[in-house]
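**Student:** sequence-free structure coming up:
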DNA sequence: GACTAACTACGAAAGATTTCGTTGACCGTA
DNA sequence: TACGGTCAACGAAATCTTTCGTAGTTAGTC
């Protein structure tokens, strides 16, 4: 017991998770440097967020080095699916088809992307058959 | 000028917007009653939220009656697309195809839904051609 | 007119999120 | 050993979100 479900990451937390997914396990310094391209939070801000994320269980921390090394607890895709499921419930009345179609209409997806999506659909229907 | 972009609605605000989309223009009382099925916020909580939403520009208010009548400023679909675009940027690196495919894989969509999505794809590609 | 019911307005409080300054610990090197 | 740089920890503040109690207003009824 005690395995509380991982909470939905906030905006700032999600930005940090994205760095961890891309870079793999990283120190606060590395995450801060990566974020500084797009965000301008200070070093201690990122540190504090990552400490909070450790408390929440969003990341794990290896303290064996002086500069602690953080890793995302859940994979990128699992987190993305969780966020989508959450949005589906909150904004789309739980209908996945509505969500997908709105996403398509909003996306201005390129022909290549539409093609990739179609192939993915084919694959899903094969598996279903 | 002065037309600030409408901010992303919070969770509680989105629940209220959903009622307004479904019911059309409504009083606080009506929204509160509709929400009470799933939420248990008090009347004044809903009132306060709707006043804040008026300040933010998320809803408009008709004060000609004693019980003010509120309407969602933006349509359901436009808001949904905004939320999806936001999530796409924050969690999917701006890739609509990744978002759609994750949504499909998470959705356990039925065959009917898959079919509807495919038809929608057909339609999009026709328009593109 | 007095009473009651329904409503808005206001302010405050609790909680969550984001920010960062300061402090003290640690490490390498001069 | 002292100095300079890097780091984690802590606490506090600013903002945003959500909550609701209280007060005052309006409308209808007896």
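**Tutor:** Received the coordinates, thanks. The model shown is predicted, which means the values in this text are computed figures rather than measured ones.

**Student:** My read is that residue A:109 contacts residue A:117, right?
**Tutor:** Yes. Using CB atoms under 8 Å, residue A:109 is in contact with residue A:117, at 7.2 Å. C-beta here means a position set from N, CA and C on the backbone, and glycine is covered the same way.

**Student:** quick one, what contacts residue A:84?
**Tutor:** Contacts for residue A:84 (CB atoms under 8 Å, 6 or more residues apart in numbering or on different chains) come out as A:99, B:87, B:99, B:102, B:103, B:106.

**Student:** Reformat these as TSV; add distance to residue A:52 and pLDDT.
**Tutor:** Output for the contacts of residue A:84, formatted as TSV (distance: CB to CB, whole Å; pLDDT from 0 to 100):
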residue	distance to residue A:52	pLDDT
A:99	30	94
B:87	22	97
B:99	27	94
B:102	26	93
B:103	29	92
B:106	27	79
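
**Student:** In strands, which of the residues you listed fall?
**Tutor:** If you go by DSSP state E, the contacts of residue A:84 have nothing in strands.

**Student:** Tell me which two in these are the farthest apart.
**Tutor:** Put simply, by CB to CB the two of the contacts of residue A:84 set farthest apart are B:87 and B:106, 12.8 Å from each other.

**Student:** So for stretch A:51-61, what gets flagged as buried?
**Tutor:** For stretch A:51-61, the neighbour count (16 or more other CB atoms under 10 Å in any protein chain shown) marks A:53, A:58, A:59 as buried.

**Student:** now the longest helix seen in chain A against helix B:111-128, angle please.
**Tutor:** Using DSSP state H to assign secondary structure, the helix with the most residues in chain A is helix A:111-128. Counting by axes from the mean of the first three to the mean of the last three CA atoms, to 10 degrees, helix A:111-128 lies at 160 degrees to helix B:111-128.
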